[in-house]
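Chemist: dropping the sequence and predicted coords here.
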Number of protein chains: 2
Amino acid sequence: MKKNHKSLQRYRGIALLLVVLSFFLIECAGQEEKTPEPPIAIAIHGGAGTMRKENMTAEQEEAYRSKLTEALTLGHEILKNGGSSLDAVEQVIILLEDSPLFNAGKGAVFTNAGTVELDASIMEGKTLQAGAVAAVKHVKNPVSLARLVMEKSPHVMLAGEGAEAFAQEQGMEAVPNEYFHTPRRWEDLQREKSEEQQKNASPKSLLPGGKPGAVPQDLYGTVGVVALDKSGNLAAGTSTGGRTNKRWGRVGDSPIIGAGTYADNRTCAISATGHGEYFMRLVVAHRISALMAYRGLSVNEAAEQAIRELGELGGEGGVIALDKNGNIAMPFNTAGMYRGYVDREGEVWVGIYGE
Amino acid sequence: MKKNHKSLQRYRGIALLLVVLSFFLIECAGQEEKTPEPPIAIAIHGGAGTMRKENMTAEQEEAYRSKLTEALTLGHEILKNGGSSLDAVEQVIILLEDSPLFNAGKGAVFTNAGTVELDASIMEGKTLQAGAVAAVKHVKNPVSLARLVMEKSPHVMLAGEGAEAFAQEQGMEAVPNEYFHTPRRWEDLQREKSEEQQKNASPKSLLPGGKPGAVPQDLYGTVGVVALDKSGNLAAGTSTGGRTNKRWGRVGDSPIIGAGTYADNRTCAISATGHGEYFMRLVVAHRISALMAYRGLSVNEAAEQAIRELGELGGEGGVIALDKNGNIAMPFNTAGMYRGYVDREGEVWVGIYGE
């Protein structure tokens, strides 16, 4: 019995050792699975502006948070399944363009002439290929046309009716301009026009760098996406209806490669939103890339510095920026910015105010 | 007598001393006049391309050299008389736009549709204010409209019919599109179209970064000016008809702030010419400014590096760049570039080939 008891104890000891060893092996295998996975990440914005918690109903806030989360989930799924950052950027922007919540595609703001004119751009960081369209009126998803310009034309930027002709040649379906019209944006235009009349403000008083308050303080629309895929490729895209009451064929920063959009695998991918004229004069998106490339700043430092310089010049807005390691920066100098990300740990975060 | 002789010698000594002193004072006064004069300088280009000495008649060469010299003289006079660099840039570009020799204003190339569509931009380095127009058809001097956009509108860039409407509101006289038409450019279009047909080349084969030879090897037109005035202010401007046979409302780098034109008093003023799509993807003008600001390169090193990167991506063209001390760089990777400068010593130089 004594002998039996002893051997039983020995068996128990061996069994315990085996269990511990098994757990150790499972843990190792788990870590082996985790380690080689390259990082993926995505960040989006839906415009910067003066949105404050006290001016928004709980329903409005929930609508934005839910749409931003839906967009992030879609983009992250594409990246997780091995899709390209370019596909993620395009598909997520399409989803935002199709939502009336944002100033891009359906729900875009009206021009002074009561029409909707859309701008968009897209860029991939591996090849520095880029495509952009300005002032299109009949293209349901301008970001997809920007991608066609990049992939199917010898050009980077097409504007106006010429861009529409190219869209038709490429087999894109045209939509009537009325497709984009929403009552909310029509009211925005009427309010803007009557305020302009009341102020008796000539367009001159809206000069960039002019008096504070001369610039309409409503939302700077625009949607944008930056993404990093499993192959380590960055991409960026931006889409907008521009400014309410815009006239004279005004082109903002969104379709300008270097101003509103830039992507370079060696540095980062950027999409901007805000008072476009300032972003153009500072070439903000390329400035962030250059600060990383030439001054060795991190994506966060570079984006912060660009927004600081923007503020010093009198400009308002924000950017989303993503580097090749999946680091995300989203600085802005307005009260709020619709924004969100799924970082390389898979954490989903969505925000509206300066929180 | 001896005493007299002695006093005569003394007088002679004093006289000699006075003469030497006078010369010294004159010399000092001269130097005083020279020293505080701040440097002024101007550089221009009239396009980069495959121009070779063997393909040009002596008369053609003389016509270009003489017009470039006339333009430089005009610009330098403005700067010498205390005019602003912005005035010098605008007036010199007007002179080049009015000449049928260059692909800007009168003498611009034809689009695929047989019309002329013009792009221009201007920027001042002190304020980073900028103005640009794209695809205008009835504005005799697009550079002047770009300046009006900068000074009299809240915007940086206007395109198409909207830009024309703004021009009219500003009291600019409209010209019929035929004003710009020249037989030489019409022949260019016909040749280009028939070559395209022969190659049965779809536009897809002209993709940036596509096969060599697919890109038309004719002159990349465009005129540009950079200037430094007595107040130490830099300015840059660019004007072009774009590419022969262009279609779909293509916008090149010339009206894009950061790509074809940039000016910042802290770094330099730049105007580019060449295959615009590559300049847009690399944001060449702002890249040069950023290389100076963030990497501490000289204007020459920065411009050389940007043109090297352009070549590595497959792009062709050149830039003129001028820093706040009057240093001038004019690198290009094409066979030739119409170009010239008046440097801070007042030396006038004009060149065409890679000399």
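Modeler: Structure received.
Chemist: what's the first helix or strand after the helix or strand of chain A with the lowest mean pLDDT?
Modeler: Ranking every helix and strand in chain A by mean pLDDT, DSSP states H and E puts helix A:2-34 at the bottom, with a mean of 64. Per DSSP states H and E, helix A:2-34 leads on to strand A:41-49 as the next helix or strand towards the C-terminus.
Chemist: what's in contact with the next helix or strand after that following strand?
Modeler: Note on strand A:41-49: by DSSP H and E, the next helix or strand toward the C-terminus is helix A:58-80. For helix A:58-80, the external contacting residues (C-beta atoms under 8 Å, 6 or more residues apart in numbering or on different chains) are A:40-42, A:44, A:46, A:53, A:85, A:87-89, A:91-92, A:95-96, A:99, A:101, A:225, A:227-230, A:338-342, A:346, A:348, A:350, A:352. Placement of C-beta: from N, CA and C, glycine included.
Chemist: where does pLDDT dip in the stretch 151-300 of chain A?
Modeler: Scanning the stretch 151-300 of chain A for pLDDT under 70 picks out A:200-220.
Chemist: show me the strands in it, by range?
Modeler: Assigned by DSSP state E, counting those that start in this stretch, the strands in the stretch 151-300 of chain A fall at A:157-159, A:223-228, A:234-240, A:250-251, A:261-263, A:268-274.
Chemist: got a ChimeraX select line for the buried ones in the contacts of helix A:58-80?
Modeler: Those of the contacts of helix A:58-80 that count as buried under 16 or more other C-beta atoms under 10 Å in any protein chain shown are selected in ChimeraX with:
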select /A:40,41,42,44,46,85,87,88,89,91,92,95,96,99,101,225,227,228,229,230,338,339,340,341,342,350,352
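Chemist: which residues touch the closest residue to chain B within the stretch 51-200 of chain A?
Modeler: Taking C-beta to the nearest C-beta as the measure, the stretch 51-200 of chain A has A:Gly162 as its residue closest to chain B, at 2.3 Å. Applying C-beta under 8 Å, 6+ apart, we find A:Gly162 in contact with B:135, B:247-250.
Chemist: would you mark the buried spots in stretch A:109-125?
Modeler: By neighbour count on 16+ other C-beta under 10 Å, the buried set for stretch A:109-125 is A:109-112, A:116-125.
Chemist: out of those, who's near chain B?
Modeler: Contacts with chain B within the buried residues of stretch A:109-125, counted by C-beta under 8 Å from any C-beta of the partner chain: A:Met123.
Chemist: tell me which of the buried residues of stretch A:109-125 fall in strands.
Modeler: Of those, the ones assigned to strands by DSSP state E are A:118-124.
Chemist: using TSV, lay out those together with pLDDT.
Modeler: Conversion of these to TSV gives the following (pLDDT from 0 to 100):
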residue	pLDDT
A:Leu118	95
A:Asp119	96
A:Ala120	98
A:Ser121	98
A:Ile122	98
A:Met123	98
A:Glu124	98
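Chemist: host element of A:Asp87?
Modeler: Going by DSSP H and E, A:Asp87 is in helix A:85-97.
Chemist: what about that helix, average pLDDT?
Modeler: Average pLDDT, helix A:85-97: 98.
Chemist: give me the neighbour count for the residue of the stretch 201-350 of chain A found nearest chain B.
Modeler: Here the residue of the stretch 201-350 of chain A nearest chain B is A:Gly249; by C-beta to the nearest C-beta that distance is 2.3 Å. Neighbour count of A:Gly249, defined by other C-beta atoms under 10 Å in any protein chain shown: 26.
Chemist: for it, what are its contacts?
Modeler: Counting by C-beta under 8 Å, 6+ apart, A:Gly249 touches A:135, A:160, B:158-163, B:165-166.
Chemist: farthest pair in those?
Modeler: Considering C-beta to C-beta, no two members of these lie farther apart than A:Gly160 and B:Phe166, which are separated by 14.9 Å.
Chemist: can you give me the distance of the residue of the stretch 201-350 of chain A closest to chain B to B:Met150?
Modeler: Distance, A:Gly249 to B:Met150, by C-beta to C-beta, to the nearest Å: 16 Å.
Chemist: one more: A:Ile320?
Modeler: Noted for A:Ile320: a distance of 29 Å to B:Met150, by C-beta to C-beta.
Chemist: do A:Val342 as well
Modeler: Noted for A:Val342: a distance of 41 Å to B:Met150, by C-beta to C-beta.
Chemist: got it, and A:Ser144?
Modeler: Distance, A:Ser144 to B:Met150, by C-beta to C-beta: 33 Å.
Chemist: over to A:Lys67?
Modeler: Distance of A:Lys67 to B:Met150, given as C-beta to C-beta: 38 Å.
Chemist: more neighbours, those two?
Modeler: More crowded of A:Lys67 and B:Met150, by other C-beta under 10 Å: B:Met150, with 23 against 20.
Chemist: now the helices for the stretch 201-350 of chain A?
Modeler: For the stretch 201-350 of chain A, the helices defined by DSSP state H, counting those that start in this stretch cover A:276-282, A:284-295, A:299-313.
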